[in-house]
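> What follows is a predicted protein model with its sequence.
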Amino acid sequence: MVQVGELKDGDTLLKLEDVHMYFGKVAALAGVSLEVKKGEIHSIIGPNGAGKTVMMNCINGLYRPQKGDIYYKGQRVNDLRPHRRAELGISRTFQKIELFGGMTVLDNIRLGRHVHLRSGILSGSVYAGKTKKEELESRKFIEEEIIDLLEIESIRDKTVHMLPYGLQKRVELGRALALNPELLLLDEPLAGLNLEEVEDMARFILDLNEEKRWKVTCILVEHDMGVVMDISHQVFVLNFGNQITDGPPEEVQKNPDVVKAYLGEEDLYATRR
Amino acid sequence: MDGSGIEITKDLTIPKLFLRQCRKYGKNKVAMREKEFGIWIPFTWEDYYDNVKYLCLGMVSLGLKRGDKVSMIGDNRPEGLWAEMAAMCAGGIGVWLFQDCMMDEVKYIINHSDTTFFVGETQEEVDKALSIKPDCPKLQWIIWDDPKGMRNYDHEYLISIKAVQKLGKELDEKEPERFENMINEGHGDDICLLFYTSGTTALPKGALLSNWNMLTMGQNLMAVDPCYDTDDFVSYLPFAWIGEQMMSISCGLQIGYTLNFPEEPDTAQENIREIGPHVMFAPPRLYEGMTRQVQVKYIDSTWIKRKIYEFATKVGYKVANLKFEKKPVSWYWKLLNWMASISMQKKLKDHLGMSRLRHCYTGGAAMGPDHFRFFHALGVNLKQIYGQTEIAGISIVHRDGDVKFDTVGTPIPNTEVKITEEGEIISKSPSVFLGYYKNEEATQKTLVDGWLFSGDRGFIDEDGHLVVFDRSKDVMTLSDGRPFAPQYLETRLKFSPYVQEAWVIGDKRAYISAVMCIDYAVVGKWADEKKLNYTSYPELSQKPEVYDLIQKQIEEANTDLPVPAKIHKFVNLYKAFDADDEELTRTSKLRRAFVGERYKDIVNALYADTDIVHMDTTITYEDGREQQIKTDLRIQKINV
């Protein structure tokens, strides 16, 4: 692993340069460039099928772009597999919940911690030494930083598939956090939630971004324009694989191309405002 | 003398007792536990002492003086209790607010009580305080506890509990005698708590309670049902409810039992099970909730489990009835009861966290006889407590082995209870309060020659038990001229798991009718099984199938009643009654006058020749948002 020095707020954390991604002859991404600075909430918006999730998948390594480069902390990560990128501090949630339904909430979250566990089979079999130390630290981290933050104390021992959708979304965020990420990719975290759950989730994202303990940089794919414009520092607009604009929310809202491609649909912007 | 061996004199105060107990137990005994981050964290009496001391001195260095009011709001946590004790130690007066209080209520109480210090638990409470601060000129400091979400707040009058305690430590280094000197200045007649009563009719009134009131109340209750310092108690009901103060402060301090605080309000039930308390005091709605939970789980379980449950409850009811009638239980029934106990009752009690329970009380509102029987059939020693905030919470309780489910029991020691000629219950004891704060008129009405006028109607039965009929103003006159207590029918209706709330109407009317609120979770589940589609409470409540279901529940409650007392018509409301809409008090009592005014269209329709009533209202959420609701409600007739 390449060792990279500590980045400060405002330094470039992630950079996409002229990324192309084709499925057969369909261009899902046609030369997209994005720069995400540390400490930002950078939203990606665009109509359905614009390529938002493809972009997420390219960043965390599920897809490999045919052309273009992806840099994370100055290191080219194109050739790294997803789990290697996770080790570097990139974590994500999915548009459609990808939890282990038969496992408990706690077990799902613990699983997200797996990349940080180093102890071997020997000490693990007797639960002593390194294993014990690691397990205690890991427990403390999960309980004090994640469960407390997401207010899921009452469901810790519940099986995930028994939970309502809104809580499952929260658990998925919890699992992504267990990785202790520096960059968090959130793929439609608000979709399908009711008003109260949306408010809670938006608050969690803000907490994660601002709280001294976390200071997580977030890339947010979301359709709820009210929330996007409220909490984002930068908004990147995508349409049919083409980058339309990238800038602060106020600017993006005024951009005529954006209005035409997306925001022009008044109702969409008015959602939940 | 009671089990605690403490003599209550006029000189004794709660802080003095606190000091004495801290010295007695020190670090050898756990005073309280809180579940945090999934682990029960203990605090010894020494920790309790240190935390209270520094918090108290900290508030003093911020300017707290004797007689100042300290308002507190938040969930049950050790910090809340420390703040209350710290205020008392400094000679201040504690005021508790319900954590779900609306902004207006908070503002009213803060202003009316002349609060100078506000202690809130989280960002939410701080936000409430900050938004009313400009309208509350006397409010000086806002103290918070939980740092979550507090990163962007920098008002100069905002300070964390930790920072206050740090100030306290500094003061303690300068004046090490200060804390105990302040405690020693106190006297039993000093006011320690200002308690805002929920008020079913008007604005809340502030009842002034002295140290002497609180301590004698605890002592007299403990004289009936002794507790031990090895006992466990779970504190999870609002501190703003007098019953919780009674158990946590008054009894808890005298006996020295361990208080346990759940992790979150949502986890309370689970945490109670982990602790297995010895004593429990809760308002009826909690027991009603437990009953409902058991009934629903019963419907859900497998055939064999249902059969075992049926057998065990049949035996349980039989034995409980024998005991109620004070008849001997034959060896045959004893044997069957033992089988019922090992096959079902023990396990169920464990699930409800009741396996170690010695004394279990209900109070604060009426509890239906069906619920009472249910718990006794399980072998739970559930007893009724009767009292009001104005008598520090309790004047009457059932005795072991002398429980009658339609009475509330007999007076505790040093307490006299009489019935006036008008049938009003009046009582006298050392715990009768000092009066209402800044409300001479109400005080004179309530307190006459040391007698506390309760406003409840009742009588004393042949065994000397008090029977509470209802609030005097709620007693209805039936079509045949007889008096009738609506809450009797309402509690019967609420025994059905499908019914969350019921409101019985019919004072001086031709017949009785009812407005029903379905239990969304239970009826929703029932509808799922019946493959009924619905998206919301209003829609579900109006389904014809649901109407028939509710009708069946009403018919069950109607049985054995004389015809004029039977419910003839009912309507399913499109929402459940809620304290945020001022329909219930914060202790979940129905505010009849208010709902009568609010739903007068429904009431009129129930007594008119119509099947449909059109509704157009707004509902208010806790954060102040409003939503308009337009809907048609159907009225259903019942053949009686």
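Yes, it's here.
> B:Pro328: how many residues sit nearby?
By other C-beta atoms under 10 Å in any protein chain shown, the residues close to B:Pro328 number 9. All C-beta spots, glycine's among them, are computed from the backbone N, C-alpha and C.
> scratch that, A:Lys96 is what I was asking about
By the criterion of other C-beta under 10 Å, A:Lys96 has 9 neighbours.
> now swap in the one 5 residues further on and tell me
Other residues within reach of A:Gly101 by the criterion other C-beta under 10 Å amount to 13.
> do A:Leu29 as well
Residues within reach of A:Leu29, counting by other C-beta under 10 Å, total 27.
> for B:Met85, same thing?
For B:Met85, the neighbour count with other C-beta under 10 Å is 24.
> Now it. Nearest residue, chain neighbours left out?
Of all residues not flanking B:Met85 in the chain, B:Val52 sits nearest, at 4.6 Å (C-beta to C-beta, 6 or more residues apart in numbering or on different chains).
> helix or strand right after the helix or strand harbouring the one you found?
Assigned by DSSP states H and E, B:Val52 falls within helix B:45-61. Scanning forward in sequence from helix B:45-61 by DSSP H and E, the next helix or strand is strand B:69-73.
> and that next one, what's its mean pLDDT?
Computed over strand B:69-73, the mean pLDDT rounds to 96.
> now the helix or strand just after that strand: how far from the chain's centre is it?
Following strand B:69-73 in sequence order, the next helix or strand is helix B:78-89 (DSSP H and E). What separates the centre of helix B:78-89 from the centre of its chain is 21 Å, taken as C-alpha atoms, centre = their mean, to the nearest Å.
> Look up phi and psi at residue 37.
Picking chain A for this. As for A:Lys37, its main-chain torsions (degrees, to the nearest 10) stand at phi -90, psi 150.
> right idea, wrong chain: chain B
Here is the backbone geometry of B:Phe37 (degrees, to the nearest 10): phi 50, psi 40.
> tell me the contacts of it?
Residues near B:Phe37 by C-beta atoms under 8 Å, 6 or more residues apart in numbering or on different chains: A:Lys140, A:Glu143, A:Glu144, A:Ile147, A:Asp148.
> can you check B:Asn321 too?
By C-beta under 8 Å, 6+ apart, the contact list for B:Asn321 reads B:Arg373.
> ditto for B:Pro538
Listed by C-beta under 8 Å, 6+ apart, the contact set of B:Pro538 reads B:Tyr574, B:Lys575, B:Ile629, B:Thr631.
> what does B:His465 give?
Contact partners of B:His465, counting by C-beta under 8 Å, 6+ apart, are B:Lys404, B:Thr407, B:Val408, B:Gly409, B:Thr410.
> can I assume the third one is in contact with B:Ile394?
No. With contact taken as C-beta atoms under 8 Å, B:Val408 and B:Ile394 are classed as non-touching, separated by 10.3 Å.
> joint contacts of those two?
Taking C-beta under 8 Å, 6+ apart as the criterion, B:Val408 and B:Ile394 both touch B:Ile385, B:Tyr386.
> If I look at the residue of the stretch 151-273 of chain A found nearest chain B, what pLDDT would I see?
For the stretch 151-273 of chain A and chain B, the shortest gap (C-beta to the nearest C-beta) falls at A:Ser154, measuring 3.6 Å. A:Ser154 is assigned 91 on the pLDDT scale.
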